[in-house]
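*Asks:* model the following, please.
(2 chains)
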Protein chains: 2
Amino acid sequence: MRQINVALAQVKCSLSNKEENVRRIIECIESAGRKQADYILFPELYTSGSFMHENIVHLAEPLKGKTITEICKYAQKHNVGVVLGFPEIENAKLFNTAVLISKQGEIIGTYRKIHLFEIEKNIFEPGVDCPVFKLPEGKVGIMISYDIEFPEVARILAIKGAQFILVLGANKFPSHPYQDVYLKARALENHVFVAMANKVGLESNALFVGESSLIHPLGKTIHKCSNNEELPVLSINIEETDIARGNLDYLKNRRPTLYAKEDNHYT
Amino acid sequence: MRQINVALAQVKCSLSNKEENVRRIIECIESAGRKQADYILFPELYTSGSFMHENIVHLAEPLKGKTITEICKYAQKHNVGVVLGFPEIENAKLFNTAVLISKQGEIIGTYRKIHLFEIEKNIFEPGVDCPVFKLPEGKVGIMISYDIEFPEVARILAIKGAQFILVLGANKFPSHPYQDVYLKARALENHVFVAMANKVGLESNALFVGESSLIHPLGKTIHKCSNNEELPVLSINIEETDIARGNLDYLKNRRPTLYAKEDNHYT
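*Replies:* Residues are numbered from 1 along each chain as shown, chains lettered A, B, ... in the order given. This next block holds a predicted model:
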């Protein structure tokens, strides 16, 4: 049994107030460390807030900038891996990025949001890859918020071997019934664990709904948060992915040649 | 408003007893006609039963064989289009097929199951196309049972313009919780109506669960049957598909070039 303890940081975010948000991130890492978490998952664009568009130039940072460097130190100090969403700047281009930091405080890699939502298209460049990261506990993929509404990303991650998909959410009222459908479908149709940390509270005029969840590879909800701030630490056995896969064998029974033929005709 | 009245034939099937099943089909068509249905949807392999393997050679028929020809006459007589699952034989090959018959009693086309389940692979050839049929009321696609567990088929149908997907089910205990997740996800992620007619009752050692459903393009359940025999006739307005699509714009926001690149590396 390979156990992973995952903390879901369902926390409020202070719009455009990076200093305050970094303070909260550090508090959450400390708290997760006390509760023996291996990893802590934060929501989308957590250092800046989601509706920071006029302040984006001041809030965005390079991957190896001051903020992520500081958070790496706290990851190492508390022996907790971190998955965090932030506005990344590289060669004058902006990305809606998630960074994956190891328990040793090292940057393992990033995922850049592939499906940008509405006004985000005017701000960010979309990601071009679906990386899967090999951790000591298993293989992990990342998705960001609107990505979960497309079956393609989770499918590609599963094909590449992901056993666990971490979702950085910023899902707002009245879209919360969709979140439940999508998280269960992505877990079940790929036989992977899916965890999502969503924001709560008001940001600009948006009310974030929380309901952060952990879903089993057979589509059952292991934990679902309320609409308030929470920091649950949840244990999973990553080997249950393989057990689930044996059951209905989706990845083996796919027909990619047929999909490619049909899809190319119509896109 | 373009209204379609769809009857879901959630009916028991008599294993390997084609005569009895055809009698039931005709009864259901008559009943659906009395209730003003435009179309009636039957479960997977309804003329034969699902576990008829040793009898397959006696039960299978060509598309234009005696059984479908007879059912076409009843479709015309009662002015009800029919979607029916049956074991098809063509050039000595067997297919798990759904036929779509118009209200005028003409064969519009067929769909052959793409994702064969377990032992079916030893019996049937898999389908190689995902056709979309243009009816007077709108564009319709068809899936058969295990197909709904793969997001790819419904996605291709939606890309090809389907507004309504009809699913011929043979979903058995204890898989019924999956059915609900998949039907909602396929409807919501493609913004299409999804209707499924499932079997009920025992066939060999399998207990079929019923719970035939109609799902709105925004993922809400319009109707969900019990675990007993039922023949509900349900009205939908096909134009609501377009209204739903305006909302989150999945088909427009897909990134097929990226999917193709990532998928080709790993299949």
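*Asks:* only C-alpha atoms for contact and neighbour calcs from this point on.
*Replies:* Will do.
*Asks:* residues of the stretch 1-150 of chain A that sit close to chain B?
*Replies:* Listed as neighbours of chain B in the stretch 1-150 of chain A under the rule CA under 8 Å from any CA of the partner chain: A:115, A:128-130, A:149-150.
*Asks:* hmm, which of these are the buried ones?
*Replies:* When these are checked for burial by 16 or more other CA atoms under 10 Å in any protein chain shown, the buried set is A:115, A:128-130, A:149-150.
*Asks:* need the residues you listed in TSV (columns: pLDDT, distance to residue B:200 and secondary structure).
*Replies:* Putting those into TSV (pLDDT from 0 to 100; distance: CA to CA, whole Å; DSSP: H, G, I helix; E, B strand; the rest coil) gives the following:
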residue	pLDDT	distance to residue B:200	secondary structure
A:115	97	40	coil
A:128	96	46	coil
A:129	95	45	coil
A:130	96	42	coil
A:149	97	32	helix
A:150	97	32	coil
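*Asks:* my read: residue A:185 touches residue B:182, true?
*Replies:* Yes. Using CA atoms under 8 Å, residue A:185 is in contact with residue B:182, at 6.4 Å.
*Asks:* export the buried ones among the residues of the stretch 1-150 of chain A next to chain B as CSV, with columns for distance to residue A:158.
*Replies:* Listed next are these as CSV, based on distance: CA to CA, whole Å:
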residue, distance to residue A:158
A:115, 18
A:128, 17
A:129, 14
A:130, 10
A:149, 16
A:150, 14
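*Asks:* between these, which is closest to residue B:120?
*Replies:* When those are compared for distance to residue B:120 (CA to CA), residue A:150 wins out at 29.5 Å.
*Asks:* coming back round to it: residue A:185 and residue B:182: who's more crowded?
*Replies:* With neighbours defined as other CA atoms under 10 Å in any protein chain shown, residue A:185 and residue B:182 compare such that residue A:185 has more, 32 against 22.
*Asks:* and the gap between the more buried one and residue B:76?
*Replies:* 39 Å (CA to CA, to the nearest Å).
*Asks:* same check on residue A:197?
*Replies:* In this view, residue A:197 and residue B:76 are 55 Å apart by CA to CA.
*Asks:* ditto for residue A:37
*Replies:* From residue A:37 across to residue B:76, the span is 65 Å (CA to CA).
*Asks:* just residue A:54 next, same as before
*Replies:* Between residue A:54 and residue B:76 the computed distance is 63 Å (CA to CA).
*Asks:* who's more crowded, these two?
*Replies:* Using other CA under 10 Å as the criterion, residue A:54 and residue B:76 rank with residue B:76 on top: 17 against 9.
*Asks:* so which strand or helix has the more buried one?
*Replies:* Taking DSSP states H and E as the definition, one finds residue B:76 inside helix B:66-78.
*Asks:* residues of that helix that come out buried?
*Replies:* Along helix B:66-78, the positions that meet the burial threshold by neighbour count (16+ other CA under 10 Å) are B:67-68, B:71-76, B:78.
*Asks:* what ranges do the helices span in the stretch 151-267 of chain A?
*Replies:* If DSSP state H, counting those that start in this stretch is used as the criterion, the helices of the stretch 151-267 of chain A fall at A:151-159, A:176-190, A:240-248, A:250-253, A:256-266.
*Asks:* lowest-confidence stretch among those helices?
*Replies:* The stretch with the lowest mean pLDDT among those is helix A:256-266, which comes in at a mean of 76.
*Asks:* contacts for stretch A:241-251, please.
*Replies:* Taking CA atoms under 8 Å, 6 or more residues apart in numbering or on different chains as the criterion, the residues outside stretch A:241-251 that touch it are A:159, A:163, A:189-193, A:217-218, B:149-150.
*Asks:* export it to PDB, keeping only CA atoms.
*Replies:* Presented in PDB, the C-alpha positions along stretch A:241-251 are these (Å, rounded to 0.1, in the frame of the first residue of the first chain):
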ATOM      1  CA  THR A 241      -6.100   3.000  -9.200                       C
ATOM      2  CA  ASP A 242      -4.700  -0.300 -10.700                       C
ATOM      3  CA  ILE A 243      -7.500  -2.300  -9.000                       C
ATOM      4  CA  ALA A 244     -10.100   0.000 -10.500                       C
ATOM      5  CA  ARG A 245      -8.600  -0.200 -13.900                       C
ATOM      6  CA  GLY A 246      -8.800  -4.000 -14.000                       C
ATOM      7  CA  ASN A 247     -12.500  -3.700 -13.700                       C
ATOM      8  CA  LEU A 248     -13.700  -1.900 -16.900                       C
ATOM      9  CA  ASP A 249     -10.400  -1.500 -18.800                       C
ATOM     10  CA  TYR A 250     -11.200   1.800 -20.400                       C
ATOM     11  CA  LEU A 251      -7.700   2.700 -21.500                       C
END
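*Asks:* quick check: closest non-adjacent residue to residue A:216.
*Replies:* If you skip the residues right next to it in sequence, residue A:216 has residue A:193 as its closest partner in space, 5.0 Å away by CA to CA, 6 or more residues apart in numbering or on different chains.
*Asks:* what residues are up against that neighbour?
*Replies:* In this structure, residue A:193 makes contact with A:163-165, A:187, A:214-217, A:238, A:241, judged by CA under 8 Å, 6+ apart.
*Asks:* which strand residues bridge it?
*Replies:* Under DSSP bridges, the beta-bridge partners of residue A:193 are residue A:164.
*Asks:* repeat that for residue A:10.
*Replies:* Applying DSSP bridges, one finds that residue A:10 bridges with residue A:230.
*Asks:* report how many residues lie close to it.
*Replies:* When counting by other CA under 10 Å, one arrives at 30 neighbours for residue A:10.
*Asks:* which residues touch it?
*Replies:* Residues A:42-43, A:197-200, A:210, A:212, A:228-231 are the ones in contact with residue A:10 under the rule CA under 8 Å, 6+ apart.
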